[in-house]
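1. heads up, no residue letters with this:
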Ligand SMILES: NC(=O)c1ccc[n+]([C@@H]2O[C@H](COP(=O)([O-])OP(=O)(O)OC[C@H]3O[C@@H](n4cnc5c(N)ncnc54)[C@H](OP(=O)(O)O)[C@@H]3O)[C@@H](O)[C@H]2O)c1
């Protein structure tokens, strides 16, 4: 090995940053043996320089001057693991403008202002790599960008939020309520004290935007993603799903139809035989359907300091090698995606209705489905009297038609209550 070390500046030393510093220390020899390049953490910027970090840092490495780190001539490559939009955006733009490759794990940033950052990287001719931003430790972005670059991708479906997958797994396997499963996830540190970003699907929505942009080569931002969370899922929904051979999962879905992209996050019933159904606890997975390749699934730890730092380190090695060769990768300038409104998206549906047990109920309910061209695939009738219930699974139907059906069912005398409605995906 003849070249000088590649000096890394790390913005942030929290869960991911501290794990990355540790990985660079322990893996530097092997990386040097494989690539001929030695990575060295030169500077680490944080808010508080007195906080215990749990990692070895040479004196003078830690600083609270993040802008100074980015402009420091002793830093060759910048890693951003602060999170949020500002100051991450400004710092990354400054690094790029000074010709430094950047690696980030920041989904929120990319899903909102990614276009501006990628354009700046393109102009400056430097790498902006982001493997860890979706799926944490699962190497999925690079295979999608590189190995599948020639593939006609039809649909990508992911379980990309570990917190909600943990909650749904506990509801399924232990029969606990949503509130109890959430409290458990919070006590284990999987869920934040304010769980909104996870349970309402914002985190998965940001990831869905990035997945859609990369898989379909057109720009999708977080605000383009239709989103429903899991707070309304009940143990009864999960029990019904199980009885019919399904598992309830929060899915991020990006699919192309007639040239338009439908990108959405919502809970769905997935057949128990589908590979995504077996993704339990806080694990993540991304399932890709392509014309030539068929089906692929990427599975692993979607979060956690070390799994995420592993993906960041992979990018860092790539950026260092490219820098050494004087080259860089590019995702180009993506044109804004043509989006398919949720009303036009098609899906099969599960509907659970409490009905009054009297003659003609079934005919009047079936009549509403028929009026809106929503065809019924299966139907079960349960209970008697005040406990009577109809459970339907429909064939694929347009969202607008299903919503119109629900509105009419709501006003039907025979229907006491629509207890739940879930999309059925993957049959
Ligand atoms: N954690 C995961 O499992 C995971 C998985 C995938 C992606 N990510 C992404 O990775 C990024 C980092 O996540 P994390 O969990 O490591 O966050 P974290 O534990 O909250 O760490 C954030 C770090 O940034 C530092 N920081 C905040 N504002 C700063 C500023 N203005 N200047 C300098 N440093 C600043 C903090 O300093 P102090 O320590 O002094 O407060 C802290 O060290 C986020 O974008 C996140 O979405 C995380």
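-> Looks like it arrived, so ask away. Note that the coordinates shown come from a computational prediction; the quantities given were computed from them, not determined experimentally. Numbering: from 1, shown residues only.
2. Leaving out the residues flanking it, which one is nearest to the closest residue to the ligand within the stretch 301-427 of the chain?
-> Of all residues in the stretch 301-427 of the chain, residue 303 sits closest to the ligand, at 3.3 Å by CB to the nearest ligand atom. For the C-beta atoms, the positions are set from N, CA and C on the backbone; glycine is no exception. Among residues not flanking residue 303 along the chain, residue 136 sits closest, at 4.5 Å (CB to CB, 6 or more residues apart in numbering).
3. okay, now the closest residue to the ligand within the chain: neighbour count?
-> In the chain, the residue that lies nearest the ligand is residue 14 (1.9 Å; CB to the nearest ligand atom). Residue 14: 15 surrounding residues under other CB atoms under 10 Å.
4. So it is in contact with residue 84, correct?
-> No: the criterion here is CB atoms under 8 Å, and residue 14 misses it with residue 84 at 11.7 Å.
5. residue contacts, residue 46?
-> The contact partners of residue 46, by CB atoms under 8 Å, 6 or more residues apart in numbering, come to 12-13, 17, 53, 62-64.
6. Return the member of these nearest to residue 219.
-> Closest to residue 219 out of these is residue 12 (26.4 Å), distances taken as CB to CB.
7. if we can go back for a sec, what number of residues lie near the residue nearest to residue 303?
-> Residue 136, neighbours per other CB under 10 Å, totals 29.
8. Near the ligand, which residues of this structure are found?
-> 11-17, 45-48, 51, 66, 81-83, 87, 105-107, 132, 136, 303-304, 308 (CB under 6 Å from any ligand atom).
9. Okay, helices next: where are they in the stretch 251-400 of the chain?
-> 305-325, 361-371, 399-411 (DSSP state H, counting those that start in this stretch).
10. so what's residue 332 scoring on pLDDT?
-> In this model, residue 332 is scored at 73, pLDDT.
11. how much space between residue 183 and residue 151?
-> According to CB to CB, to the nearest Å, residue 183 stands 42 Å off from residue 151.
12. Relative to the centre of this structure, find the outermost residue for me.
-> residue 359 (47.2 Å; CA atoms, centre = their mean).
13. Please report how far that residue lies from residue 384.
-> 13 Å.
14. And residue 294, by the same measure?
-> Distance from residue 294 to residue 384, by CB to CB: 47 Å.
15. Ok, residue 158 next?
-> Using CB to CB, residue 158 is found at 42 Å from residue 384.
16. neighbour-wise, which of those two wins?
-> residue 158 (30 against 9).
17. buried sites along the helix or strand where that one lies?
-> Here residue 158 sits within strand 153-159, counting by DSSP states H and E. In terms of neighbour count (16 or more other CB atoms under 10 Å), strand 153-159 has its buried residues at 153, 155-159.
18. Tell me the one of those residues nearest residue 265?
-> residue 158 (9.4 Å).
19. so that closest one makes contact with residue 205?
-> No: taking contacts as CB under 8 Å, residue 158 lies outside contact range of residue 205: 11.6 Å.
20. list the residues that contact both of these two?
-> Residues touching both residue 158 and residue 205 comprise residue 252, with contact defined as CB under 8 Å, 6+ apart.
21. Adding mean pLDDT, write the helices of the stretch 251-400 of the chain out as JSON lines.
-> Listed next are those as JSON lines, based on pLDDT from 0 to 100:
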{"stretch": "helix 305-325", "mean pLDDT": "96"}
{"stretch": "helix 361-371", "mean pLDDT": "95"}
{"stretch": "helix 399-411", "mean pLDDT": "97"}
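22. Number of residues surrounding the residue nearest to residue 397 when sequence neighbours are not counted?
-> Leaving aside its sequence neighbours, residue 397 sits nearest to residue 374 (CB to CB, 6+ apart; 4.4 Å). A count of nearby residues for residue 374, using other CB under 10 Å, gives 22.
23. Return the distance of residue 374 relative to residue 425.
-> For residue 374, the distance to residue 425 - CB to CB - is 17 Å.
24. what does residue 184 give?
-> With CB to CB as the criterion, residue 184 and residue 425 are 26 Å apart.
25. neighbour count winner among these two?
-> Using other CB under 10 Å as the criterion, residue 184 and residue 425 rank with residue 425 on top: 21 against 16.
26. how about low-confidence regions in the protein?
-> For the chain, the stretches flagged by pLDDT under 70 are 1-2.
27. ok, which stretches of the stretch 51-200 of the chain are helices?
-> Using DSSP H, counting those that start in this stretch, helices in the stretch 51-200 of the chain cover 66-71, 88-97, 107-124, 141-142, 162-174, 178-187, 196-199.
28. which other helices and strands contact the third one?
-> The contact analysis (3 or more CB pairs under 8 Å, 6 or more residues apart in numbering; DSSP states H and E) places helix 107-124 against helix 88-97, strand 128-129, helix 202-216.
29. Quick one: list the elements packing against the longest one.
-> Put plainly, it is helix 202-216. So helix 202-216, by 3+ CB pairs under 8 Å, 6+ apart, packs with helix 107-124, strand 153-159, helix 196-199, strand 226-227, strand 246-257, strand 260-271.
30. rerun at 7 Å
-> The contact analysis (3 or more CB pairs under 7 Å, 6 or more residues apart in numbering; DSSP states H and E) places helix 202-216 against helix 107-124, strand 153-159, strand 246-257, strand 260-271.
31. So for residue 192, which of these sits nearest?
-> The nearest among the helices and strands packed on helix 202-216, by CB to CB, is helix 107-124 at 13.7 Å.
32. got the buried residues for that closest one?
-> So for helix 107-124, counting by 16+ other CB under 10 Å, buried means 107-114, 117-118, 120-122, 124.
33. highest average neighbour count across the helices of the stretch 251-400 of the chain?
-> Among the helices of the stretch 251-400 of the chain, the stretch with the highest mean neighbour count (mean count of other CB atoms under 10 Å) is helix 305-325, at a mean of 21.
34. mind listing what's buried in stretch 182-195?
-> Going by 16+ other CB under 10 Å, stretch 182-195 has these buried residues: 182, 184-186, 190-191, 195.
35. Now do the same contact list for the closest residue to residue 85 other than its chain neighbours.
-> Spatial nearest neighbour of residue 85, chain neighbours left out: residue 109 (5.7 Å); criterion: CB to CB, 6+ apart. Residues near residue 109 by CB atoms under 7 Å, 6 or more residues apart in numbering: 85, 88-89.
36. Could you do residue 336 as well?
-> Residue 336 neighbours (CB under 7 Å, 6+ apart): 218-219.
37. Likewise for residue 193?
-> residue 186.
38. re the thing from before, show me the one of the helices of the stretch 251-400 of the chain that comes nearest residue 344.
-> helix 399-411 (7.0 Å).
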